[in-house]
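[1] sequence first, predicted model second:
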Amino acid sequence: MNYENMSPKELRQAIRDEIIQSPTAGMSKGHTQANLAILPKEDAFDFLLFCQRNQKPCPLVDVLEPGQFESSIAQGSDIRTDIPKYRIYKNGEFIEEVNDITAYWQDDFVSFLIGCSFTFETPLLENGIPIRHIEEGCNVPMYKTSIETTPAGKFSGPLVVSMRPMTAEDAIRAVQITSRYPGVHGAPVHIGDPALIGIQDVHKPDFGDAVTIKDGEVPVFWACGVTPQAVAMQSKPAIMITHAPGHMFVSDQKDIQLSVL
């Protein structure tokens with residue numbers, strides 16, 4: 001099926017029906033995709049403060065009221081079923097990956113939708129900048145770094161980044177383009193030597209899949225909305241539910257609405 005041109009509503013229904021269980025990069029082209037973090041109400045203020053202090057990896061695009069599961073940026077959506085794969089963390093331990101979190105749902109859960117770099121991939125492609133993980137039909141590579149986030153309450157941990165290899169010329173243009181999208185991580189946080197941000201082997205990502213880095217290309221790193229998962233592992237909340245890396249919530253909101261021209 002042509003997921004690229006499918007409407008967000010149709011795409012969410014296909015995900016809800018478990019027809020789609022794969023990474024969502026390139027799907028519903030031109031619409032905002034979002035990372036997910038769900039926490040009990042008692043942890044929600046600390047996490048909201050964490051997001052405010054760490055807007056580069058955790059730019060909020062929506063916060064749902066306790067117990068609410070329909071997002072204001074996706075009419076008729078259900079946060080419990082409309083992501084291809086979810087991850088369950090308990091006391092910092094990854095418990096399991098599921099397609100539906102209805103069985104885990106609590107009336108005090110607060111859901112945070114966090115901007116995703118898949119959103120700015122459309123303008124990159126429109127400017128002739130290739131996206132390697134889309135070309136290779138795999139998930140974007142993501143890495144824990146040696147860069148620490150700013151703590152808030154019980155939450156702290158390392159910054160996670162996503163990587164896209166590019167020529168130097170394309171990297172310069174990518175900085176210009178993604179700088180206009182601060183609501184989905186904005187400009188890169190690092191370009192070049194991965195070791196300078198604590199990544200020992202760029203061919204062995206902590207999340208997602210390795211991609212080809214061609215001769216003459218440099219790795220370009222953006223802050224990533226998977227950061228809360230690394231934070232969950234370090235901070236050990238009683239329960240946190242997230243998307244599986246690369247498996248996003250697709251909203252009705254257009255990418256251009258997040259652009260700062």
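    Arrived safely, thanks for sending.

[2] count of neighbours near the residue nearest to residue 136 when sequence neighbours are not counted?
    Nearest residue to residue 136 in three dimensions, chain neighbours excluded: residue 211, at 5.7 Å (CB to CB, 6 or more residues apart in numbering). All C-beta spots, glycine's among them, are computed from the backbone N, C-alpha and C. As a burial measure, residue 211 scores 23 neighbours (other CB atoms under 10 Å).

[3] what are the ranges of the strands in the stretch 51-200 of the chain?
    For the stretch 51-200 of the chain, applying DSSP state E, counting those that start in this stretch gives strands covering 60-63, 86-90, 93-98, 109-115, 142-148, 158-167, 190-191.

[4] mind listing what the very next helix or strand once past the shortest one pairs with, with the direction of each?
    The C-terminal neighbour of strand 190-191 among helices and strands, as given by DSSP states H and E, is strand 217-223. Each strand pairing with strand 217-223, determined using DSSP bridges, is listed with its direction: strand 158-167 (antiparallel), strand 190-191 (antiparallel).

[5] which of the ones you listed is buried the deepest?
    Mean neighbour count, computed with mean count of other CB atoms under 10 Å, is highest for strand 158-167 among these, reaching a mean of 24.

[6] helix or strand with the lowest mean pLDDT in this protein?
    Using mean pLDDT, DSSP states H and E, the weakest-scoring helix or strand in the chain turns out to be helix 118-126, at a mean of 88.

[7] now do that one: which elements does it pack against?
    For helix 118-126, the packing partners by 3 or more CB pairs under 8 Å, 6 or more residues apart in numbering; DSSP states H and E come out as strand 31-40, helix 168-178.

[8] what angle do that helix and helix 168-178 make?
    130 degrees (axes from the mean of the first three to the mean of the last three CA atoms, to 10 degrees).

[9] with just CA atoms, put helix 118-126 into PDB.
    Output in PDB follows, covering the C-alpha atoms of helix 118-126 (Å, rounded to 0.1, in the frame of the first residue of the first chain):
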ATOM      1  CA  PHE A 118      10.500  12.400  10.900                       C
ATOM      2  CA  THR A 119       8.500  15.600  10.600                       C
ATOM      3  CA  PHE A 120      11.400  17.600   9.000                       C
ATOM      4  CA  GLU A 121      12.400  14.800   6.700                       C
ATOM      5  CA  THR A 122       9.700  15.900   4.200                       C
ATOM      6  CA  PRO A 123      11.300  19.400   3.600                       C
ATOM      7  CA  LEU A 124      14.700  17.700   3.500                       C
ATOM      8  CA  LEU A 125      13.500  15.400   0.700                       C
ATOM      9  CA  GLU A 126      11.800  18.300  -1.100                       C
END
